[in-house]
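Visitor: When you get a sec, could you give me coordinates for this:
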Amino acid sequence: MGVIQGMDDVMEMVAPGTDLRIALDMILSADNGALICIGDLESVLALSDGGFEIDVTFTPNRLFELSKMDGAILLDAHARRIVRANVHLSPTMEYETKETGMRHRTAMRMCAQTDTVAITVSQRRNVIDLYFGGESKTLGRPLKSFSQLDSMILALQNARESIDHEINRLIALENAESPDAYPRRRQGGVGADDTKGLVEVGIDPISIPAALTPAEVDRFVHQINTLENASSLLAGHVSKNPSTAAIIVAGGEGERFRNPGGKQLFEVLGKPVLTWSAEAFDAVPDVGVIVIVCPEERQAEYCRKAIDPYPFVTPIEFAASGEVRQESALNGFEALAKEYEIVAVHDGARPLITPEIISHAIDHLKGNLDIDGIVVGHPSVDTLKIVSDRMIAATPDRSAFWVAQTPQLFRTDIFRRAYRSAMYDGFVGTDDSSLVERIGGRVAMFNGPRDNIKLTVPEDVGPVVAALSARVAQREE
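Guide: Numbering: from 1, shown residues only. All right, here's what the predicted structure looks like:
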């Protein structure tokens with residue numbers, strides 16, 4: 001739509017069925033709150049601070065995920081791009097307002113001082129409020145999910161009936177073997193002159209529905225798509241002779257993350273964190289099996305929520321996690337039904353790993369026979385301090401330090417020897433590489449992206465959502 005001139009234009013922007021309204025209803029249905037500013041970004045930014053730039057194409061799922069953070073979300077004037085998220089708005093307090101909630105007072109004041117459209121989603125009152133040019137409008141709570149599903153199912157049934165009727169007519173016409181038996185469809189439906197031809201081929205003219213129009217088809221497709229989670233842009237593939245087995249360690253309870261179900265099943269852009277990690281390995285042809293290590297009593301839940309709903313191609317197995325991560329990795333290794341040349345161990349809570357990094361790391365290990373393993377990571381960019389009793393003892397040269405991440409890849413024989421030795425000696429290492437290093441193995445660092453972070457605390461959600469949103473946008477374009 002063009003330039004917003006009044007509340008009618010705002011109402012059109014959030015009309016039922018639009019992407020923006022779908023996102024708002026998702027936020028409301030999840031009992032979340034949100035503050036969104038649309039347009040006049042220059043003025044809005046002058047009255048705000050903090051947050052982070054994201055600049056990705058708008059989708060309902062992206063707005064829904066970003067709304068889980070406390071700050072405001074800024075959209076461009078047409079609500080087609082998400083420009084910034086988690087922004088702290090600081091309008092001048094001298095503008096009087098009768099609003100009571102913090103979000104609503106801020107929204108009203110922002111509209112008084114800029115030409116932005118402000119939208120608030122009230123977690124307490126379960127309503128959506130619109131603000132623009134001194135006017136405000138309250139929208140009620142959306143239909144419950146099951147009611148929406150019923151409507152969509154009915155729409156699909158109607159579409160199916162229309163298609164079935166058209167198929168039956170084609171069959172009847174084919175059996176009649178008469179080119180004149182098929183009546184010419186008029187814009188107003190079946191005419192009187194058409195009835196004779198229809199009866200001749202055994203079709204009741206009264207029961208024939210009008211053919212689906214392109215607009216109706218688009219509407220049905222749009223309704224179905226709104227129910228789907230963010231679809232995978234990675235295509236699974238397994239080569240004829242894969243050499244690598246992937247072990248995804250997902251046994252941690254995630255106490256620091258403070259999510260009741262743990263962090264592995266926490267959804268980012270509509271998919272569990274574990275699913276993002278597994279999809280990256282599924283898209284690497286040289287990976288022949290993925291073993292997910294998680295609590296034995298939750299394996300069915302993990303499979304039902306993170307694996308079954310998605311089109312994985314690589315075989316996926318489950319193994320029980322141990323008391324410590326080291327034991328979990330060993331359990332995953334022992335669950336392998338056949339021998340592979342390479343084993344890759346990855347943290348399930350690192351959803352930003354890419355198939356390209358995994359493939360390059362495998363190729364690097366295969367091509368360098370003088371090394372026993374590869375650790376994905378990056379050089380440290382921070383100044384490091386050696387501390388004793390909270391007092392700095394020394395400042396080492398950071399050029400010698402790397403940040404170790406996952407996946408960590410090793411030749412199978414030395415991986416097996418390293419774990420057996422650690423188990424025999426009662427040694428517990430900080431990562432898989434430390435066990436291989438301990439028995440004299442040569443492990444090389446492989447430079448990976450810095451955004452391959454591990455989801456550990458709630459503050460990690462924002463950067464992960466931003467990085468994944470940007471990555472999905474790039475693949476879509």
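Visitor: can you pull the pLDDT of the closest residue to Ile128 other than its chain neighbours?
Guide: Once flanking residues are discounted, Ile128 sits nearest to Leu139: 4.2 Å by Cβ to Cβ, 6 or more residues apart in numbering. Yep, even glycine has a C-beta here, placed from its N, CA and C like the rest. Looking at Leu139, its pLDDT reads 81.
Visitor: cool, and Thr226?
Guide: For Thr226, pLDDT reads 36.
Visitor: Ala172 now?
Guide: 72.
Visitor: Helix, strand, or coil at it?
Guide: At Ala172 the chain is in helix, as set by DSSP: H, G, I helix; E, B strand; the rest coil.
Visitor: count of neighbours near it?
Guide: 16 (other Cβ atoms under 10 Å).
Visitor: who touches whichever strand or helix holds Ile357?
Guide: If you go by DSSP states H and E, Ile357 is part of helix 355-367. For helix 355-367, the surrounding residues in contact (Cβ atoms under 8 Å, 6 or more residues apart in numbering) are 234, 243-244, 280-281, 283-287, 341-342, 344, 371, 373-374, 376, 407, 409, 411, 444, 446, 448-449, 452.
Visitor: swap in stretch 406-416?
Guide: 244-246, 333, 339-347, 350, 353, 358, 361-362, 365, 372-376, 418, 431-433, 436, 439, 441, 443.
Visitor: Narrow these to those in strands?
Guide: Secondary structure defined by DSSP state E assigns 244-246, 342-347, 373-376, 443 of those to strands.
Visitor: out of those residues, which is most surrounded?
Guide: Ala246 (30 neighbours).
Visitor: In contact with that residue, which residues are there?
Guide: Per Cβ under 8 Å, 6+ apart, neighbours of Ala246: 281, 287, 289-291, 343-344, 346, 407.
Visitor: Ok, Tyr131 next?
Guide: 107-108, 110-111, 117-120.
Visitor: what's the closest of those residues to Val465?
Guide: Closest approach between the contacts of Tyr131 and Val465, by Cβ to Cβ: Ile119, at 19.6 Å.
Visitor: Might you report the residue contacts of that closest one?
Guide: If you count contacts by Cβ under 8 Å, 6+ apart, Ile119 has them with 14, 24, 34-38, 107, 128-131.
Visitor: Now, of these, which are buried?
Guide: Among the contacts of Ile119, those scoring as buried are 14, 24, 34-38, 107, 128-131 (criterion: 16 or more other Cβ atoms under 10 Å).
Visitor: For Lys263, state which of these is nearest.
Guide: Ala34 (22.7 Å).
Visitor: I figured the closest one hits Glu65, correct?
Guide: No - using Cβ atoms under 8 Å, Ala34 makes no contact with Glu65, being 11.1 Å away.
Visitor: Now do the shared contacts for the two.
Guide: In contact with both Ala34 and Glu65: no residue, using Cβ under 8 Å, 6+ apart.
Visitor: State the distance from the residue nearest to Pro295 when sequence neighbours are not counted to Asp9.
Guide: Closest residue in space to Pro295, ignoring its immediate chain neighbours: Ser321 at 5.5 Å, by Cβ to Cβ, 6+ apart. Ser321 is 54 Å from Asp9, where distance means Cβ to Cβ, to the nearest Å.
Visitor: Looking at those two, which has the bigger crowd around it?
Guide: Ser321 (24 against 14).
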